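In: turn this into a structure:
(one chain, ligands or ions: 2)
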Amino acid sequence: MIILDKYILAIESSCDETSVSIIKNGTVEISTVVLSQMDTHANYGGVVPEIASRMHIENVTLVIENALEKSGLTMDDIDGIAVTYGPGLIGSLLVGLMAAKTLAFVYNKPLIPVHHIAGHIYANNLVKPLTFPLIALVVSGGHTELIYMKEDYSFKRLGGTLDDAVGEAYDKVARVINLPYPGGPLVDKLAHEGEDTYNLPLPLDDDSYDFSFSGLKSAVINLVHNEHQKGNEIIPQNVATSFQNRVVEILTKKTMKALKDYDVSNLIVAGGVAANKGLRERLSKECLEAGVDLTIPEIKYCTDNAAMIGAAGYYAYKLGRTAGLDLNAKANDELK
Ligand code: KG4
Ligand code: ZN
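Out: Ligands and ions are numbered 1, 2, ... in the order given. Got it, this is the predicted structure:
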């Protein structure tokens, strides 16, 4: 029996990256183009939604053309159009969604809605095929989630943040110690140069799979303000180390608990904060000791990109999870 290859053209525009990718059979990246707006938003200390959507409008057509050109394929070769429909910034999502609907309509292709978190999880499929059952830890600027998967495209949410996402807390801590946006990678770097000298709380240290980072973030902000008021200098490296140690401790503790409770020996980590060196080191060590197979994608697949949407989109397509042209963007939506 001949199994025909399936090519998915995917569009991601949920935040400040306009990205288009062509993925074969959910595992092979044919071409990807990512146009980041980060330098523009850095001038404002964070993503400005109105600017983000305007830049997506300016760029989306060019990015689609570039990705197709790089792939050596034409629209005739494409089997389906996958798109991030949510969650994310509504104005940004709408641009990618409109582009995807237009392609689906004009070229008569199925339209495949993909949840952004499903995308982050399936970024791992571009490294090696997912092995089930698995636990996924998704840590980014907008999300902190623990998800159990029994099989392809089956998602059971075990828990997540009750307030700030972990990347958001990193970026706010970075700001208070005078680092530019996005500060997560810089805090990570500083954390490796300092010592854990500040007495910060371990947040939501309970039996649940939920997280809370706003208290820890506020503790850092209060610490810095109090020391300034007393005329004392803070040591940024030590603030970074103390903060990162608490974050890594609680993420690792709850993730290892989920693996044990669900008797699972495969862990995948995804999202921008999966690039964190401290988290990678700690999880690698604990997984080795527990006999858990750990997969973390390379950094270009951790941050927002359309390759991950194309990988997830292939499985959604196989399951017939397509949508009509009345598909709408959703700023918030549970992963199902
Ligand atoms: O997944 P992503 O690109 O976008 C969202 O969907 O949010 O994640 C971006 C987030 C930012 O908050 C950034 O500061 C954080 O990931 N980040 C890091 C590191 N690299 C990126 N946080 C901590 N350590 C890092 N090495
Ligand atoms: Zn993301």
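In: quick check: residues of the stretch 51-200 of the chain near ligand 2?
Out: When proximity is defined as Cβ under 5 Å from the ion, the stretch 51-200 of the chain approaches ligand 2 at residue 140. (Each C-beta comes from the backbone N, C-alpha and C, glycine too.)
In: for the stretch 51-200 of the chain, give me the ranges with low pLDDT.
Out: Within the stretch 51-200 of the chain, no range satisfies pLDDT under 70.
In: can you name the residue of it nearest to ligand 2?
Out: The minimum distance from the stretch 51-200 of the chain to ligand 2, using Cβ to the ion, falls at residue 140 (4.3 Å).
In: same thing with the stretch 201-336 of the chain?
Out: Closest point on the stretch 201-336 of the chain to ligand 2, by Cβ to the ion, is residue 304, at 4.4 Å.
In: got the contact list for the residue of the stretch 51-200 of the chain closest to ligand 2?
Out: By Cβ atoms under 8 Å, 6 or more residues apart in numbering, the contact set of residue 140 is 120, 165-167, 270-273, 304.
In: export the residues you listed to TSV and append columns for neighbour count.
Out: Converted to TSV, the contacts of residue 140 look like this (neighbours: other Cβ atoms under 10 Å):
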residue	neighbour count
120	32
165	23
166	30
167	24
270	27
271	31
272	25
273	28
304	28
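In: pick out the most distant pair among the residues you listed.
Out: Farthest pair in those (Cβ to Cβ) is 166 and 304. Separation: 15.4 Å.
In: ok, the residue of the stretch 201-336 of the chain closest to ligand 2 to residue 223 distance?
Out: According to Cβ to Cβ, to the nearest Å, residue 304 and residue 223 sit 31 Å apart.
In: same check on residue 63?
Out: Distance from residue 63 to residue 223, by Cβ to Cβ: 42 Å.
In: between these two, point out the one with more neighbours.
Out: Ranked by neighbour count (other Cβ atoms under 10 Å), residue 63 and residue 223 place residue 63 first, with 25 against 18.
In: go ahead and confirm the more buried one touches residue 35.
Out: Yes - Residue 63 is within contact range of residue 35, at 5.5 Å (criterion: Cβ atoms under 8 Å).
In: residues that sit against both of these two, list them.
Out: 18-19.
In: which of the residues in stretch 173-185 are classified as buried?
Out: 173-174, 176-177, 179, 181-185 (16 or more other Cβ atoms under 10 Å).
In: actually stretch 248-261, not the one I wrote
Out: Buried, per 16+ other Cβ under 10 Å, within stretch 248-261: 248, 250-252, 254-259.
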